[in-house]
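Undergrad: Below are the sequence and a predicted model; questions follow.
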Amino acid sequence: MKAIAKAVPAVQPKNPTVSALQPAVGSLSGGTATITGTDLDKVASVQIGGQPAPVTQPGSDKIVVAVPQAANWAAGPVPIVVTAADGKVIPTTGKTYTYQAQTPVDQQLAYALAHWNDYNTTQYGDLNPVGGDCANFVSQTLIARGWQMNSDWYNHDAAADWSPAWGYVPAMDDYFRENAAQLGLTEYSFDQRDKIKVGDIVMFDWNNNGSLDHVQIVSAVNTVNGKITIEMAGHNTDTDYRDLDHTITVDHPGATGHFWSLSK
C-alpha cells in the first residue's frame, strides 16, 4: 500500500516591521538614527521628512540611516516612510522624527531661512535706505549663532544706532580681519571651496576694485559631478539659495571676493 504524501503548507514570506526609531529627535543639520524591527534586511529605502535617509548600516533587526538636513532648516516633526524591496510601505504606526535647532549653526541657518525675505525690522531695522541691508542681515544671523554685540559691533534700537562693523561691508571685513583669532574666523579664497561649510560668510567685490560691496552667508554646500557649488542667503537681492558661480559670472561678471570660515 502506497503512503499518501502529505501536502506541505507553503511558507508565507514575512513582512518587515518597524518598532522604534532612536533617537527620534535631532539637529536641523542632520545626523544618524537607528530603526529597529524585524526583517529589515528587506528595506529598500527610507525617507525622513520627504528626503532620502540612506541606510548606512544594514541589518535584520536594526538598520542605521543617515538623517538628512532639515528642509529649509525648519524645526518640527516630520514623517518617516520605510519602503520594502517589493515596493510596499512598511507601517511605522505614526512615528515621526523631530528636528530641533540644537547647534549654533542650526540657530544661525534657521534664522537666515526665516528672515531672508521677511525682514526683522522690529528688532534690527532696515538699512536699505542708507546703502543696503546685506551686512545688517549677516550680523543678525551671527547673533542667532551666539555672537554677542560689543562696543565695535552693534545695532541698538532697531538701527537707530549701529556701528560700521555691523552694517557696512568694508568695515565688517576689517573688523573680521582685526579680530579673526578671537572670533574664530579663517579667510579663504573662492578657489578653496573644500574648506567652506554652511554658515560661513562670503564677501564680494563686484568691480574688482579693492572695495567690498556685498556680503552673504553660505546656506548650502553641494558636490555635483566632483565640483563643489556654494549657495547663499542674504538681503538686498533677497535670496535663500543664491548660486555663487552664477553671481560672479552672470549677475556680476568678473566679481571677486573671499570667504570667512567660522569655527565658533
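TA: All right, it came through fine.
Undergrad: From here on, just use CA atoms for contacts and neighbour counts.
TA: Fine.
Undergrad: and the residue nearest to residue 20 when sequence neighbours are not counted, which of the three is it?
TA: Take residue 20 and drop its neighbours on the chain: the residue closest to it by C-alpha to C-alpha, 6 or more residues apart in numbering is residue 36, 5.3 Å away. Using DSSP: H, G, I helix; E, B strand; the rest coil, the structure places residue 36 in strand.
Undergrad: now residue 47
TA: Under three-state DSSP, residue 47 falls in the strand class.
Undergrad: in what helix or strand does the closest residue to residue 193 other than its chain neighbours lie?
TA: Taking C-alpha to C-alpha, 6+ apart, and ignoring the residues beside it in sequence, residue 193 has residue 228 as its nearest neighbour in space, at 6.6 Å. Using DSSP states H and E, the secondary-structure element containing residue 228 is strand 227-234.
Undergrad: what does residue 20 give?
TA: Under the assignment here (DSSP H and E), residue 20 is part of strand 17-22.
Undergrad: and that strand, which residues are buried?
TA: Across strand 17-22, burial judged by 16 or more other C-alpha atoms under 10 Å covers 17, 18, 21.
Undergrad: what do you get for stretch 144-151?
TA: By 16+ other C-alpha under 10 Å, the buried positions in stretch 144-151 come out as 144, 145.
Undergrad: gap between the two ends of it?
TA: From its first residue to its last, stretch 144-151 covers 18 Å (C-alpha to C-alpha, to the nearest Å).
Undergrad: any idea of the mean pLDDT in that stretch?
TA: Per-residue pLDDT values across stretch 144-151 average out to 98.
Undergrad: Then stretch 52-62?
TA: Predicted confidence along stretch 52-62 averages 95 (mean pLDDT).
Undergrad: With only the CA atoms kept, save the helix or strand following the strand holding residue 228 in CSV.
TA: Counting by DSSP H and E, the element after strand 227-234 in chain order, helix or strand, is strand 239-243. C-alpha atoms of strand 239-243 as CSV (Å, rounded to 0.1, in the frame of the first residue of the first chain):
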residue,chain,number,x,y,z
THR,A,239,17.7,85.2,-1.7
ASP,A,240,17.7,81.9,0.2
TYR,A,241,19.8,79.8,-2.1
ARG,A,242,21.8,82.1,-4.5
ASP,A,243,24.4,80.3,-6.6
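Undergrad: Can you give the contact residues for whichever helix or strand comes after strand 239-243?
TA: Using DSSP H and E, the next helix or strand after strand 239-243 towards the C-terminus is helix 244-246. Outside of helix 244-246, the residues within contact range by C-alpha atoms under 8 Å, 6 or more residues apart in numbering are 229, 230, 231, 232.
Undergrad: can we see that at 7 Å?
TA: The list of residues contacting helix 244-246 from outside it, by C-alpha atoms under 7 Å, 6 or more residues apart in numbering, reads 230, 231.
Undergrad: neighbours of the residue nearest to residue 193, just the number please.
TA: By other C-alpha atoms under 10 Å, the residues close to residue 228 number 13.
Undergrad: Would you mind naming the residues that bridge with it?
TA: Here residue 228 sits in beta bridges with residue 223, as judged by DSSP bridges.
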